[in-house]
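Enquirer: need coordinates for the following:
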Amino acid sequence: MADVQLMGLLNATLQAATLLFIAALGELITEKSGILNLGVEGMISIGAVTGFMTAINTENLFLSIIVGVLSASIFSSIHAFVTVILKQDQTVSGLILTILGLALSSLLGKKYVGKKLMVKIESISDITEPSNVLEVLLNQNFIFYLAILLMITTSFVLKKTMFGRRLEAVGEDSRAADSMGLKINKTQFIATCVGGAFAGLSGVYLTLSYVPYWTDNMTSGRGWICLALVIFGGWKPYRTAIGAVLFGFLEALVPRLQTYGFDLSPYLVKIAPYLITILVLVILTIYKEGKTGAPGNIGRPFFRENR
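Expert: Numbering: from 1, shown residues only. The predicted model follows:
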């Protein structure tokens, strides 16, 4: 029985971690180009509601995923236009994107609250109570495995390909990258939209698998946790994945502790990821003498005439 309970906790941890990691990986790609996007929460919400609406109206799972991903990517292009083309403050634009995304998703999803899905993203093997690690892995759906593939691919692209090197060069020093002939605006615009697409996939996973229904503000601050995860992971895909598993474990653990009679405030759990991130950031800053791994040019608009 203990093994079943432990495997149930592991199963819930991986599901929660998948949701967090995909959006965090997208934000990592965006920030590697030097663009800070605080609109992750809004992008996840847009992807979640559009994917859910499409699933209700068409009952086509593939189309629902595509619509959710594309809608969040297009939505993120607002931030790209404001920050990359118009050179406006990235923090303000990102916050507006979150507020706009949450409000717009509430408006679009108003008629869909409480509606039941006829199709959803199913696990590879429908095991009600997995009793070993293999069954837990088989109990995940294809987006879990897609997240692993995206992690490996992103790490490879950033470290082993010319595109990845150029992306990091733009994020580290835009002036030097421009002098080398790299297209700063194009690179940052694409990276921001790719980050939005990842957030949209996370949103689709939220409403078509993790909790298959729609209600207002169902992202519950996960977008902010994703931002914290990028810092926690030191802007590295593998370390970000470890952080996602840790925070997914915290999310999965809380309801189980309450079931066993532990009186634990849910507010304490919600702030735990941020407290852990602050602690890790302080430790890394001290250990690495101020170098946390953040791109050198993050949050700073590039003006070519000032080069």
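Enquirer: low pLDDT regions in the stretch 151-300 of the chain?
Expert: 258-264, 266, 269-270, 273, 277, 281, 288-292 (pLDDT under 70).
Enquirer: mind listing the helices for it?
Expert: 162-172, 174-179, 184-205, 222-232, 237-259, 266-287 (DSSP state H, counting those that start in this stretch).
Enquirer: so what touches the second one?
Expert: Judged by CB atoms under 8 Å, 6 or more residues apart in numbering, the contacts made with helix 174-179 from elsewhere in the structure are 34, 166, 169-170, 184, 297, 300, 302, 304, 306-307. (Glycine included, C-beta is placed from N, CA and C.)
Enquirer: farthest pair within these?
Expert: Arg166 and Asn306 (20.9 Å; CB to CB).
Enquirer: of these two, which one has the most company?
Expert: Arg166 (17 against 7; other CB atoms under 10 Å).
Enquirer: now the phi/psi pair for the residue lying closest to that one once chain neighbours are set aside, please.
Expert: Leaving out its chain neighbours, the residue that sits closest to Arg166 by CB to CB, 6 or more residues apart in numbering is Leu182, at 5.5 Å. Here the main-chain torsion angles of Leu182 (degrees, to the nearest 10) amount to phi -80, psi 150.
Enquirer: the longest helix in this structure is where?
Expert: helix 2-32 (DSSP state H).
Enquirer: from the chain's centre, how far out does that helix sit?
Expert: 10 Å (CA atoms, centre = their mean, to the nearest Å).
Enquirer: tell me the spacing between the residue nearest to Arg166 and Leu36.
Expert: Leu182 sits at a distance of 20 Å from Leu36 (criterion: CB to CB, to the nearest Å).
Enquirer: with Leu86 instead?
Expert: 15 Å.
Enquirer: more neighbours, the two?
Expert: Between Leu86 and Leu36, counted using other CB under 10 Å, Leu36 has the larger neighbour count: 23 against 10.
Enquirer: picking that back up, tell me which residues in the longest helix of the chain are buried?
Expert: 7-8, 10-32 (16 or more other CB atoms under 10 Å).
Enquirer: and for stretch 61-71?
Expert: Quick answer for stretch 61-71 (16+ other CB under 10 Å): 61, 64-65, 67-71.
Enquirer: which residues sit against that stretch?
Expert: Residues contacting stretch 61-71 (CB under 8 Å, 6+ apart): 46-48, 50-52, 54-55, 58, 119-121, 197, 200-201, 203-204, 208.
Enquirer: put the alpha carbons of it into PDB.
Expert: The C-alpha trace of stretch 61-71 is given here as PDB (Å, rounded to 0.1, in the frame of the first residue of the first chain):
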ATOM      1  CA  LEU A  61      -7.500  16.900 -30.200                       C
ATOM      2  CA  PHE A  62      -4.700  17.700 -32.700                       C
ATOM      3  CA  LEU A  63      -6.400  20.900 -33.900                       C
ATOM      4  CA  SER A  64      -6.900  22.000 -30.300                       C
ATOM      5  CA  ILE A  65      -3.200  21.600 -29.500                       C
ATOM      6  CA  ILE A  66      -2.200  23.500 -32.600                       C
ATOM      7  CA  VAL A  67      -4.600  26.300 -31.900                       C
ATOM      8  CA  GLY A  68      -3.500  26.600 -28.300                       C
ATOM      9  CA  VAL A  69       0.200  26.800 -29.200                       C
ATOM     10  CA  LEU A  70      -0.300  29.200 -32.100                       C
ATOM     11  CA  SER A  71      -2.600  31.500 -30.200                       C
END
